[in-house]
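Student: With the sequence up front, the predicted model follows.
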Amino acid sequence: MLLRKITSADIPSSEITPQPAFEKFNRDRRRFLAGAAAAIGAAAVAATKIPSILDPEIIFCDEPSAGLDPVVAAELDDTLLRFRDVLGITIVIVSHELESIRALADRAIMFGHGKMLASGTLSELEHSQNEEVYHYFHARSA
């Protein structure tokens, strides 16, 4: 058997084309690199946001003491107050719990019938001319 070295001169140029598997590899490689670049870009953007996530200016709590017994609810109120005081943040709380509202709120907004009924300090709401607002603050304490 005679072996001979094959050179590019021995193969017609029309046959020197990338094979389908190699083309697929290149296509997949380009897609991977584009996806990796996008992921790295997203990670870089997220990394710039982490300080704001870990150091918020405002915390929102929706019915934080709902379903809790009064002792645990009071402890939660104290914890929220410590967050506010130590971290210097604003806490927006949605609550129907009058005791928590009295313990936590500097200002309050009362909604009813699809609109804002009153807003102000607790003293202002307690002395509201709006009968429904006044009743909310006084009927439960009787």
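Tutor: Sure, I can see it. Because the structure is a prediction, the values reported are computed rather than measured.
Student: how does this protein divide up, domain by domain?
Tutor: Residue ranges for the domains of the chain, per automatic domain parsing: 16-52, 56-139.
Student: Among those domains, show the one with the smallest mean pLDDT.
Tutor: Per-stretch mean pLDDT for those is lowest at domain 16-52 (a mean of 59).
Student: my guess is L68 meets D77, correct?
Tutor: No: using Cβ atoms under 8 Å, L68 is not in contact with D77, being 10.0 Å away. Yep, even glycine has a C-beta here, placed from its N, CA and C like the rest.
Student: Between these two, which is the more surrounded one?
Tutor: Ranked by neighbour count (other Cβ atoms under 10 Å), L68 and D77 place D77 first, with 21 against 15.
Student: Which of the three states applies to that one?
Tutor: Counting by DSSP: H, G, I helix; E, B strand; the rest coil, the backbone at D77 sits in helix.
Student: ok, how many other residues are close to E131?
Tutor: E131: 8 surrounding residues under other Cβ under 10 Å.
Student: Enumerate every residue touching it.
Tutor: For E131, no contacting residues are found, by Cβ atoms under 8 Å, 6 or more residues apart in numbering.
Student: ditto for P56
Tutor: By Cβ under 8 Å, 6+ apart, the contact list for P56 reads I89.
Student: let's go with 10 Å and repeat that
Tutor: Counting by Cβ atoms under 10 Å, 6 or more residues apart in numbering, P56 touches F83, L87, I89, T90, I91.
Student: How about G112?
Tutor: Neighbouring residues of G112 by Cβ under 10 Å, 6+ apart: A118, N130, E132, V133, Y136.
Student: Give me the subset of the residues you listed lying in strands.
Tutor: Mapping the contacts of G112 onto strands (DSSP state E) picks out A118.
Student: Name only those of the contacts of G112 that count as buried.
Tutor: In terms of neighbour count (16 or more other Cβ atoms under 10 Å), the buried residues within the contacts of G112 are A118, V133, Y136.
Student: Tell me the one among the residues you listed nearest to H96.
Tutor: Nearest to H96 among these is Y136, at 9.3 Å by Cβ to Cβ.
Student: Bridging across strands, which residues link to the nearest residue to that closest one once chain neighbours are set aside?
Tutor: Leaving out its chain neighbours, the residue that sits closest to Y136 by Cβ to Cβ, 6 or more residues apart in numbering is M110, at 6.8 Å. Taking DSSP bridges as the rule, M110 bridges to A118.
Student: I'm done for today, thanks for sticking with me.
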